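Enquirer: Have a look at this prediction, sequence included:
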Amino acid sequence: MDGTMTMEEPDLRHLRDRPFELLLEIERRSRAAATGQGRESGVGHEWVGVALRIAGEVFLVAREETREVLGLPASITRVPGAKGWIKGLANIRGHLLPLIDLRHYLGSGVTQSGRNTRVLVVNHREVPAGLVVDEVLGFRRFADREFSAEVPPTVVRVDRYLAGAFRRGTEVWPVLSLRSLLESPGFLQAAS
């Protein structure tokens, strides 16, 4: 490095003897990074989702549509007269949460409880739900340019709830819309 500074990102070393100005510059850069300013044009915004596995297939759900991920509760109370895909109610920190076996609801068999089984708590104002899935794989980040509105074929019959897919190289990540799932008439008719 020849010691020259660019106008876009000045070197912070010149502020080492002025701690207050150094903190101001760090704060300015943090705010710019949080709002997406200062990114190279063409990079675009980033989409963040939660990757999960249902019946051997991997899907994404938008981070905004999820509240939290939990382990499968030890105590689940069955609901008399409910459809088979409703596992029951669980007490989560003093609140009753309906647990839905997503795999069973989609017609792909019953989710077997195991050490990787998780409950994805949905972030929806009117429909509280915890979706039981085979596994949650964590966050995945994609650039907006990697999104395609084209719905990919899947083995799990979920196509009516898909909102496109992200494509990276040879990988295709279908996006499952939890909002359209929870607001669908079939999901809302939980009584047998």
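Expert: Nice, I can see it. Numbers count the residues shown, from 1 in each chain.
Enquirer: now the helices for the chain?
Expert: Using DSSP state H, the helices assigned to the chain run over residues 19-35, 102-105, 178-182, 185-188.
Enquirer: per-residue confidence for L131?
Expert: pLDDT for L131: 97.
Enquirer: quick one: it and V156, what's the gap?
Expert: From L131 across to V156, the span is 13 Å (C-beta to C-beta, to the nearest Å). (Glycine included, C-beta is placed from N, CA and C.)
Enquirer: Of the two, give the one with the bigger neighbour count.
Expert: The residue with more neighbours, out of L131 and V156, is L131; 25 against 18, by other C-beta atoms under 10 Å.
Enquirer: Could you report the distance from that one to E25?
Expert: Where E25 is concerned, L131 sits at a distance of 44 Å (C-beta to C-beta).
Enquirer: now swap in P185 and tell me
Expert: 54 Å.
Enquirer: Looking at the two, which one has more neighbours?
Expert: E25 (15 against 6).
Enquirer: so what secondary structure elements neighbour the helix or strand of the chain with the lowest mean pLDDT?
Expert: Within the chain, confidence by mean pLDDT, DSSP states H and E is lowest for helix 19-35 among all helices and strands, at a mean of 73. Contacting helix 19-35 under the criterion 3 or more C-beta pairs under 8 Å, 6 or more residues apart in numbering; DSSP states H and E is no other helix or strand.
Enquirer: mind listing what the residue nearest to the spatial centre of the chain touches?
Expert: By C-alpha atoms, centre = their mean, the mean C-alpha position of the chain lies nearest to V50, the distance being 2.9 Å. The neighbours of V50, taking C-beta atoms under 8 Å, 6 or more residues apart in numbering as the test, are 60-63, 66, 69, 120, 136, 138-140.
Enquirer: Dump those to a markdown table, plus distance to Q189, pLDDT and neighbour count.
Expert: As requested, those are exported to a markdown table (distance: C-beta to C-beta, whole Å; pLDDT from 0 to 100; neighbours: other C-beta atoms under 10 Å):
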| residue | distance to Q189 | pLDDT | neighbour count |
| --- | --- | --- | --- |
| L60 | 27 | 97 | 23 |
| V61 | 22 | 97 | 24 |
| A62 | 25 | 96 | 17 |
| R63 | 28 | 95 | 14 |
| T66 | 24 | 95 | 19 |
| V69 | 27 | 96 | 15 |
| L120 | 21 | 97 | 23 |
| V136 | 27 | 97 | 19 |
| G138 | 33 | 94 | 9 |
| F139 | 33 | 94 | 11 |
| R140 | 32 | 95 | 16 |
